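Asker: what follows is a predicted protein model with its sequence.
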Amino acid sequence: MEHLPKLKVLVLKSNKCDGNLSLPSPMKLPFPLLQVLDISHNAFVGSLPERYFKNFREMIDAKQRDDTESSYEREDEQYLNFVDMIVTLKGKDQLLKRLLETFTAIDLSSNNFSGTIPHSIGNLTILKYLNLSHNSLIAHIPSSLGNMTDLESLDLSANKLDGEIPSELTRLTFLAKLNLSMNHLVGHIPQANQFSTFENDSYMGNWGLCGAPLTIKCNNGTWLQAEEEDGDDEYEFIDGFGWRCVVMGYGSGFVVGIGIGYMIIRSGRPKWLVEFFFGAGYRYKTKKRCDKAPPTRRGT
């Protein structure tokens with residue numbers, strides 16, 4: 001497919017494709033006009049295809065895109081008005097009927113990609129939608145993502161990313177959707193520009209993060225020790241220790257209650273309580289032992 005220089009849309013989502021996209025290739029400039037790459041929900045392995053990120057001219061900058069297009073013979077592009085494809089944008093599936101020149105998207109989610117996010121991905125300065133979620137990506141979020149100033153949606157959720165959220169991401173002033181949940185991120189959440197608009201669901205599952213919009217306060221970028229201990233007690237109660245105590249308490253109370261109820265019924269006291277449950281005139285017949293002295297015979 002790298003030998004198709006005029007290819008603009010490549011959608012292979014939800015198949016059983018596998019293999020390593022980072023292997024060497026004789027093509028020096030693969031997919032120069034590609035605007036949409038969607039290979040989500042497959043079984044690709046290895047590191048992210050950095051050689052693609054370096055050569056997606058249609059996603060790098062407008063001037064370079066125009067220069068690349070001028071090097072190819074332009075054909076009738078009326079077909080762009082008859083595109084019919086479903087893409088995931090900002091977490092929702094949407095049907096596109098027309099491919100705009102400014103529309104660019106990369107979706108590599110739900111595969112088995114590993115390794116780090118290459119810094120070269122920040123060269124895609126006119127990319128609008130990036131989804132790398134549900135892989136096994138590690139290490140820090142590269143600060144070069146802050147160069148993608150046209151980005152409207154960024155999803156890095158369900159990976160193994162660690163470290164702090166780069167403050168450079170606050171330069172993404174068009175960012176409307178952010179999902180960094182289910183990683184190992186730590187530190188203070190940036191609070192500038194678009195970041196002040198994101199809610200808890202953008203960060204959930206990162207137990208080392210603190211600051212707004214989370215309820216965990218920061219102390220020089222780290223959790224307060226006291227709050228951490230309180231949180232441990234709370235999770236301990238939820239995870240099992242607390243409910244055991246509750247069950248034991250209810251069980252003991254049940255046994256004691258049965259015993260007291262039996263004694264009340266057995267003795268018939270207090271009378272008002274017994275009559276309340278069993279009705280007036282209720283009597284519990286019990287056998288009483290009477291120790292009588294043996295009768296003596298009178299002598300005649």
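Answerer: It's in.
Asker: CA atoms for contacts and neighbours, from now on please.
Answerer: Fine.
Asker: and the strands in the stretch 51-200 of the chain?
Answerer: Here the stretch 51-200 of the chain has its strands, by DSSP state E, counting those that start in this stretch, at 85-89, 92-96, 105-107, 112-115, 129-131, 136-139, 153-155, 160-163, 177-179, 184-188.
Asker: I'd like the ones you listed as TSV, with distance to residue 24 appended.
Answerer: Formatted as TSV, these follow (distance: least, CA to CA, whole Å):
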stretch	distance to residue 24
strand 85-89	29
strand 92-96	33
strand 105-107	21
strand 112-115	17
strand 129-131	24
strand 136-139	21
strand 153-155	27
strand 160-163	26
strand 177-179	32
strand 184-188	32
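Asker: is it possible to export those strands to CSV including mean neighbour count and mean pLDDT?
Answerer: Listed next are these as CSV, based on neighbours: other CA atoms under 10 Å; pLDDT from 0 to 100:
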stretch, mean neighbour count, mean pLDDT
strand 85-89, 16, 76
strand 92-96, 11, 78
strand 105-107, 23, 96
strand 112-115, 20, 98
strand 129-131, 22, 96
strand 136-139, 20, 98
strand 153-155, 21, 96
strand 160-163, 20, 98
strand 177-179, 21, 96
strand 184-188, 22, 96
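Asker: which one, of those, ends up nearest to residue 35?
Answerer: Smallest distance to residue 35 across those (CA to CA): 6.5 Å, for strand 105-107.
Asker: strand partners of that closest one, parallel vs antiparallel please.
Answerer: The pairing partners recorded for strand 105-107 under DSSP bridges are strand 36-38 (parallel), strand 129-131 (parallel).
Asker: quick one: distance of that strand to the chain centre.
Answerer: From the chain centre to the centre of strand 105-107 is a distance of 19 Å (CA atoms, centre = their mean, to the nearest Å).
Asker: residues contacting stretch 108-123, please?
Answerer: By CA atoms under 8 Å, 6 or more residues apart in numbering, the residues outside stretch 108-123 that reach it are 38-48, 50, 53-54, 60, 131-148.
Asker: what number of residues are in the vicinity of residue 56?
Answerer: 23 (other CA atoms under 10 Å).
Asker: name the nearest residue to it, ignoring sequence neighbours.
Answerer: residue 32 (5.3 Å; CA to CA, 6 or more residues apart in numbering).
Asker: quick one: residues contacting residue 39.
Answerer: 10-14, 107-109.
Asker: buried only: go through these for me.
Answerer: For the contacts of residue 39, a neighbour count by 16 or more other CA atoms under 10 Å gives the buried set as 13, 107-109.
Asker: list the buried residues in stretch 51-65.
Answerer: Neighbour-count burial for stretch 51-65 flags 51-60, 65 (criterion: 16+ other CA under 10 Å).
Asker: quick check: which ranges of this protein have low pLDDT?
Answerer: For the chain, applying pLDDT under 70 flags the ranges 62-82, 220-247, 256, 262-300.
Asker: can you list the domains in it?
Answerer: Following automatic domain parsing, one finds the domains of the chain at 9-222, 242-278.
Asker: residue 168: neighbour count?
Answerer: 14.
Asker: that one reaches residue 143, doesn't it?
Answerer: Yes. Using CA atoms under 8 Å, residue 168 is in contact with residue 143, at 5.8 Å.
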